[in-house]
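*Asks:* coords below, sequence missing:
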């Protein structure tokens, strides 16, 4: 693990990195509460992509093939791994950091060490999610979603034979099912554990992208223009959380709210889990890509300004 001299402050169609192709869209015409606070720079870092957080640190991947870590208390950022093949989405647990690259699912201890390959020699979509014991990823050429133990071992195919495997651009999991968005057939689907048939949560969803699940409700972004953030309740009703978005992108939740990025106008948004009260909470001039939250703070990557940004909830 080598130190990297970075200054830290206290506290649609996609490319191979999962980023949108084409230019920015115009900002949406929407009457919302002004930003509660200006973003602060948590870290300056070259070409940041996806990120994850735990109680002590923020972790992220870069387009330069690095996996990085920085303490929330400040200090020098560390390179945990380098020379990776286009690392994208990243998750962490109590012991390890996991990420997908173009052809493998890899991991490393959180304090650094030897990189392990948990799944290799397969074309993977830039999506990754996890529960307490397992990781979930999508193989584009096989049209399949795989489950595999975090500790390594046999891989289980959750669903396979999908015609448009390349279109799986969002992946989430709860205790009952794996959920995914399929960009190419414009659907949001749940695959229950235990062998039950897949269930279409919503169809005719133009350009569905990121997805999150909380308390049996499902949230996803539609990054057409104008874009929409959607919600499906536990009873199955589907409604919009926020209309008139420019290009809604990454999405996440906590116990009270759903949060998302709009890459079209560089904004960060929040709504209650019931889908009400959507509000823009931060605005920037950059290009936000990925979002993560902890108890107090919202973090996101900014490709334009080569930074990890943060704002207090």
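*Replies:* Thanks, I have it. As the structure is a computational prediction, the values presented were derived from the model and not from experiment.

*Asks:* Can you tell me the closest non-neighbouring residue to residue 298?
*Replies:* The spatial neighbour of residue 298 that comes closest, neighbours along the chain excluded (C-beta to C-beta, 6 or more residues apart in numbering), is residue 311 at 5.3 Å. Placement of C-beta: from N, CA and C, glycine included.

*Asks:* swap in residue 187?
*Replies:* Closest to residue 187 by C-beta to C-beta, 6+ apart is residue 203, at 5.0 Å.

*Asks:* where are the low-confidence patches of the chain?
*Replies:* Low-confidence segments of the chain (pLDDT under 70): 1-37, 163-166.

*Asks:* Can you tell me the SS state at the residue nearest to residue 298?
*Replies:* Under DSSP: H, G, I helix; E, B strand; the rest coil, residue 311 falls in the strand class.

*Asks:* And it, how far from residue 82?
*Replies:* Taking C-beta to C-beta, to the nearest Å as the measure, residue 311 falls 29 Å from residue 82.

*Asks:* Give me the phi and psi for the nearest residue to residue 122 once chain neighbours are set aside.
*Replies:* Excluding the flanking residues, the one nearest residue 122 by C-beta to C-beta, 6+ apart is residue 139, at 5.0 Å. Backbone torsions for residue 139, taken as degrees, to the nearest 10, come to phi -100, psi 120.

*Asks:* ok, back up a step: name the residue in residue 311 and residue 82 with the higher neighbour count.
*Replies:* residue 311 (19 against 16; other C-beta atoms under 10 Å).

*Asks:* I figured that one was touching residue 296, is that so?
*Replies:* No - the criterion here is C-beta atoms under 8 Å, and residue 311 misses it with residue 296 at 10.3 Å.

*Asks:* give me every residue that touches the spatially closest residue to residue 258 that is not a sequence neighbour.
*Replies:* Spatial nearest neighbour of residue 258, chain neighbours left out: residue 219 (4.9 Å); criterion: C-beta to C-beta, 6+ apart. The contact partners of residue 219, by C-beta atoms under 8 Å, 6 or more residues apart in numbering, come to 211, 212, 213, 229, 230, 231, 241, 251, 253, 258.

*Asks:* hmm, back to that, how much space is there between the residue nearest to residue 122 and residue 232?
*Replies:* Taken as C-beta to C-beta, the span from residue 139 to residue 232 is 25 Å.

*Asks:* With residue 56 instead?
*Replies:* Taking C-beta to C-beta, one finds residue 56 at 34 Å from residue 232.

*Asks:* Ok, residue 128 next?
*Replies:* Distance, residue 128 to residue 232, by C-beta to C-beta: 22 Å.

*Asks:* same thing with residue 197?
*Replies:* Taken as C-beta to C-beta, the span from residue 197 to residue 232 is 18 Å.

*Asks:* where along the stretch 51-200 of the chain do the helices fall?
*Replies:* With DSSP state H, counting those that start in this stretch as the criterion, the stretch 51-200 of the chain has no helices.

*Asks:* follow-up on the earlier one: so between residue 197 and residue 232, which is more surrounded?
*Replies:* For residue 197 versus residue 232, neighbours defined as other C-beta under 10 Å are more numerous around residue 232 (21 against 7).

*Asks:* burial measure for residue 117, as a count.
*Replies:* The number of residues near residue 117, taken as other C-beta under 10 Å, comes to 13.

*Asks:* likewise residue 141?
*Replies:* Around residue 141 there are 11 residues (other C-beta under 10 Å).

*Asks:* Name the nearest residue to it, ignoring sequence neighbours.
*Replies:* Using C-beta to C-beta, 6+ apart, the closest residue to residue 141 is residue 123 (4.5 Å).

*Asks:* What separation do you get for the one you found and residue 140?
*Replies:* 5 Å.
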